[in-house]
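# From the sequence below, what's the structure:
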Amino acid sequence: MRKKTKMIHAGITGDNQTGAVSVPIFQVSTYKQPEAGKHTGYEYSRTGNPTRHALETTIAELENGTAGFAFASGMAAITSVMMLFEPGDHIIVTDDVYGGSYRLMTRVLERFKLNYSFVDTSDLKEVKKAAQPETKAVFIESPTNPLLKITDINAVAAFTHSKKLKLIVDNTFATPYFQNPIDLGADIVVHSATKYIGGHSDVVAGLVVVNTEALAEELHFIQNSIGSILGPQDAWLLLRGIKTLGIRMEAIESNAQHIANFLMNHPDVAKVFYPGLVQHTGHEVAEKQTRGFGGMISFDVGSEEKADQVVDRVNYFTLAESLGAVESLISIPAKMTHASIPRSRRLMLGITDGLVRLSVGIEDIDDLIEDLAQALKSYE
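Modelled structure (predicted):
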């Protein structure tokens, strides 16, 4: 089954009882049991819900994994995955990681004696150097947020497997349409499904896929115990979003490539970060392990003042948190998505005050480029 077809036909796609071609929303908390202690597949919706199960089955198939899990948010998903580890365990993490993930790890999970080292995982030597006797996992983003760094997932997987470590990949930016980390050796894949999988800025959700029954059993126990589940209406919205993921990602990537080329040739743009550019560090690795370069672009205009002027003057790019929607979004990571990271660390990573991040949508490409052109011209 080819990728676009799989977006439509993977998992549970309808209802056998009624013939409905869309999975119903089972807005229910509990289920009648034929006998005490015996149920027909569902007993309580924290433990399992038919609509959520349909989504979980679908994402597991799309990521070529063993089992999927749907959570109330991407951060709930990551938190639940981190609950697989024990106090004293050490985890290596991509340095250029989403600000919310950094905050979770350094200000919340460290209270539970989980230890983290943040390194440039695009450099395998740095990953190996960071390994300790207590290391239990490597957590990577590829591409990263917001500098679009590319990590060779297959190479890191070879290392983690040799050391009996778990490899966790945040696949939010690439989506299962463009990249399948489990096929490259990952053990666990996480998504902020709020982004491309939902695709319409109308749902907050997280998804996890694991590659073994043992991990599935552990994570289900954690999810059921913590209760960080996704509701059935939100699960249904994601099922609907997945059906158009293929055509959305193709349109988004086409627009992004045109915009990246435009920005590369603009005299007032100091630097452009986009994996689809041959000049981008890691382009060759991205070309090898993905089927597309996605819709996220970051570019540096040199100063906080200029960045403020650009976001203030655009018309078709909405100044907002989040990404991955049909509408184009624009943000300043230093003030928004990565504000929770200390400024000194941001600057060390290259997240400057003049960095602007675009989430490219599916609008007409000429409108988007004309909009950026006039916004950049405004401070000449």
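
# Send over the helix or strand harbouring Met75 as CSV, restricted to the C-alpha atoms.
Assessed by DSSP states H and E, Met75 sits inside helix 74-82. Only the C-alpha atoms of helix 74-82 are listed here, as CSV (Å, rounded to 0.1, in the frame of the first residue of the first chain):
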residue,chain,number,x,y,z
GLY,A,74,2.4,16.1,23.1
MET,A,75,3.9,17.0,26.5
ALA,A,76,1.6,14.4,28.2
ALA,A,77,3.0,11.9,25.6
ILE,A,78,6.6,12.7,26.3
THR,A,79,6.0,12.8,30.1
SER,A,80,4.4,9.3,30.0
VAL,A,81,7.3,8.0,27.9
MET,A,82,9.8,9.4,30.5
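
# Only C-alpha atoms, please: export stretch 159-171 in PDB.
What follows is stretch 159-171, C-alpha atoms only, in PDB (Å, rounded to 0.1, in the frame of the first residue of the first chain):
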ATOM      1  CA  PHE A 159      24.900   2.900  18.800                       C
ATOM      2  CA  THR A 160      21.900   2.600  21.200                       C
ATOM      3  CA  HIS A 161      21.300  -1.000  20.200                       C
ATOM      4  CA  SER A 162      25.000  -1.800  20.900                       C
ATOM      5  CA  LYS A 163      24.600  -0.300  24.400                       C
ATOM      6  CA  LYS A 164      21.100  -1.700  25.000                       C
ATOM      7  CA  LEU A 165      19.700   1.800  25.200                       C
ATOM      8  CA  LYS A 166      16.200   2.900  24.000                       C
ATOM      9  CA  LEU A 167      16.100   5.400  21.100                       C
ATOM     10  CA  ILE A 168      13.200   7.800  21.300                       C
ATOM     11  CA  VAL A 169      12.400  10.000  18.300                       C
ATOM     12  CA  ASP A 170      10.200  13.100  18.200                       C
ATOM     13  CA  ASN A 171       8.800  12.800  14.700                       C
END
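
# For that stretch, which outside residues touch it?
By CB atoms under 8 Å, 6 or more residues apart in numbering, the surrounding residues in contact with stretch 159-171 are 63, 78, 81, 84, 97-98, 101, 124, 127-128, 131, 135-142, 153, 156-157, 179, 181, 185-192. The C-beta positions use only the backbone N, C-alpha and C, and glycine is treated the same way.

# Check stretch 180-189 too.
63-65, 81, 153-154, 156-158, 160-161, 166-171, 208-212, 215, 289.

# among the residues you listed, which ones are buried?
63, 65, 81, 153, 156-157, 160, 166-171, 208-211, 215, 289 (16 or more other CB atoms under 10 Å).

# Out of the residues you listed, list just those in strands.
Counting by DSSP state E, those place 166-170, 208-210 in strands.

# Quick check: closest non-adjacent residue to the spatially most central residue of the chain.
For the chain, the residue nearest the mean C-alpha position is Thr172 (1.6 Å; CA atoms, centre = their mean). Counting by CB to CB, 6 or more residues apart in numbering, Ser192 is the residue found nearest to Thr172 once chain neighbours are left out, at 4.7 Å.

# my guess is Ser22 meets Thr51, correct?
No - with contact defined as CB atoms under 8 Å, Ser22 does not count as touching Thr51 (10.3 Å).

# Looking at those two now, which is surrounded by more residues?
Thr51 (25 against 13; other CB atoms under 10 Å).

# give me every residue that touches the more buried one.
Thr51 touches 23-26, 232-233, 235-236, 239, counting by CB under 8 Å, 6+ apart.

# so it is in which element?
helix 50-62.

# Go through that helix and flag the buried ones.
For helix 50-62, by 16+ other CB under 10 Å, it's 50-62.

# And stretch 277-285, by the same measure?
Under 16+ other CB under 10 Å, the buried positions of stretch 277-285 are 277, 280, 282-283, 285.

# Which of the residues you listed sits closest to Phe69?
Val285 (28.4 Å; CB to CB).

# contacting residues for the closest one?
122, 150-152.

# so what does the helix or strand where Gln309 lies touch, helix or strand wise?
In the assignment (DSSP H and E), Gln309 maps to helix 304-313. Packing partners of helix 304-313 (3 or more CB pairs under 8 Å, 6 or more residues apart in numbering; DSSP states H and E): strand 329-331, strand 355-359, helix 365-377.

# want to throw these into TSV with distance to Tyr116?
Below are the helices and strands packed on helix 304-313 laid out as TSV (distance: least, CB to CB, whole Å):
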stretch	distance to Tyr116
strand 329-331	25
strand 355-359	24
helix 365-377	37
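
# Next secondary structure after the helix holding Met75?
Following helix 74-82 toward the C-terminus (DSSP H and E): strand 90-94.

# name the helices or strands packed onto whichever helix or strand comes after that following strand?
Sequence-wise, the next helix or strand downstream of strand 90-94 (DSSP H and E) is helix 99-103. Helix 99-103 is packed against helix 74-82, with contacts defined by 3+ CB pairs under 8 Å, 6+ apart.

# distance between the helix it packs on and the chain's centre?
A distance of 12 Å separates the centroid of the chain from that of helix 74-82, by CA atoms, centre = their mean, to the nearest Å.

# Residues contacting that helix, please?
69, 71, 91, 100-101, 104-105, 108-109, 114, 168, 170, 172, 188, 190-195, 205-208, 219, 222-223, 226, 228.

# again, 7 Å this time
Residues outside helix 74-82 that contact it (CB atoms under 7 Å, 6 or more residues apart in numbering) are 71, 100-101, 104, 109, 114, 168, 172, 188, 190-194, 206-208, 219, 222-223, 226, 228.

# Narrow those to those that are buried.
Applying 16+ other CB under 10 Å to these flags 71, 100-101, 104, 109, 114, 168, 172, 188, 190-194, 206-208, 219, 222-223, 228 as buried.

# Filter those residues down to just the ones in helices.
100-101, 219, 222-223 (DSSP state H).

# Neighbours of the closest residue to Gly227 other than its chain neighbours, how many?
Nearest non-adjacent residue to Gly227, counting by CB to CB, 6+ apart: Arg46, 5.3 Å away. Arg46: 15 surrounding residues under other CB under 10 Å.
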